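Novice: got a predicted model here, sequence first, then my questions.
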Amino acid sequence: MSFSNVSSDLIWEITRNQNSFLVKTKDCAGGVQFSRDPYNLTNQHSRTHAGFVNDKALSIVPNEKGGVKVISKKAGAGSKPASGVSTVTFGNTTARKTYKNVARLAAKNHYRPDLRAAAVSRASAIRASQRTPKADPEKKLRGNAAKKASASA
């Protein structure tokens with residue numbers, strides 16, 4: 001959401017307490033607020049991390065065939081939503097190449113440098129979730145159980 005005649009600070013002040021991405025929890029002391037904004041890399045409900053307010057933002061989502069997909073908002077394309085989004089897919093390459101490409105893409109397009117680490121950590125979490133878990137090793141018998149097993153074999 002980007003309007004050429006309205007500042008992003010004004011949009012944040014208006015939508016800060018009530019928007020569709022806001023998640024309020026009462027379980028913790030004081031109540032913690034999170035965000036489900038797809039362009040929010042850290043899921044923290046704050047002005048600095050709100051992707052729907054900023055003109056330029058990054059979103060990192062899992063790809064259907066493995067790997068990650070980086071979706072970026074272009075600045076100045078608020079009135080053209082279809083052409084205002086750019087998508088780049090990093091397939092099943094090594095993890096280091098994926099992290100390097102995500103950081104390079106964020107730096108090349110002049111996105112905020114303080115969010116590069118958050119982008120890499122989001123890509124890392126997605127890659128870790130796509131890995132197949134290792135099978136647990138068979139438990140080694142100790143003591144009398146080992147003696148009985150070797151005697152019967």
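Specialist: Cool, got the structure.
Novice: so which residue is smack in the middle of this structure?
Specialist: Centroid check for the chain by CA atoms, centre = their mean gives Arg122 as the closest residue, at 3.6 Å.
Novice: name the SS class of Leu141, please.
Specialist: coil (DSSP: H, G, I helix; E, B strand; the rest coil).
Novice: again but with Ala146, I slipped
Specialist: helix.
Novice: contacting residues around it?
Specialist: Shown in contact with Ala146 (CB atoms under 8 Å, 6 or more residues apart in numbering): Lys140. In short, each C-beta sits where N, CA and C put it, glycine included.
Novice: what do you get for Arg36?
Specialist: 21-23, 43.
Novice: now Tyr111
Specialist: Tyr111 sits next to 56-58, 72 when contact means CB under 8 Å, 6+ apart.
Novice: give me phi/psi at it?
Specialist: Tyr111 adopts backbone torsions of phi -80, psi 170, taken as degrees, to the nearest 10.
Novice: could you check the pLDDT of it?
Specialist: Listed pLDDT for Tyr111 reads 82.
Novice: rewinding a little: can you go through the contacts of Arg36 and name the buried ones?
Specialist: Taking 16 or more other CB atoms under 10 Å as the criterion, what is buried in the contacts of Arg36 is 21-22.
Novice: farthest pair in the contacts of Arg36?
Specialist: Using CB to CB, the two most remote members of the contacts of Arg36 are Leu22 and Asn43, lying 11.3 Å apart.
Novice: between those two, what contacts are shared?
Specialist: Here Leu22 and Asn43 have 34-36 as joint contacts, going by CB under 8 Å, 6+ apart.
Novice: quick one on the thing from earlier: what's the closest non-adjacent residue to the residue nearest to the centre of the chain?
Specialist: Among residues not flanking Arg122 along the chain, Ile60 sits closest, at 4.5 Å (CB to CB, 6 or more residues apart in numbering).
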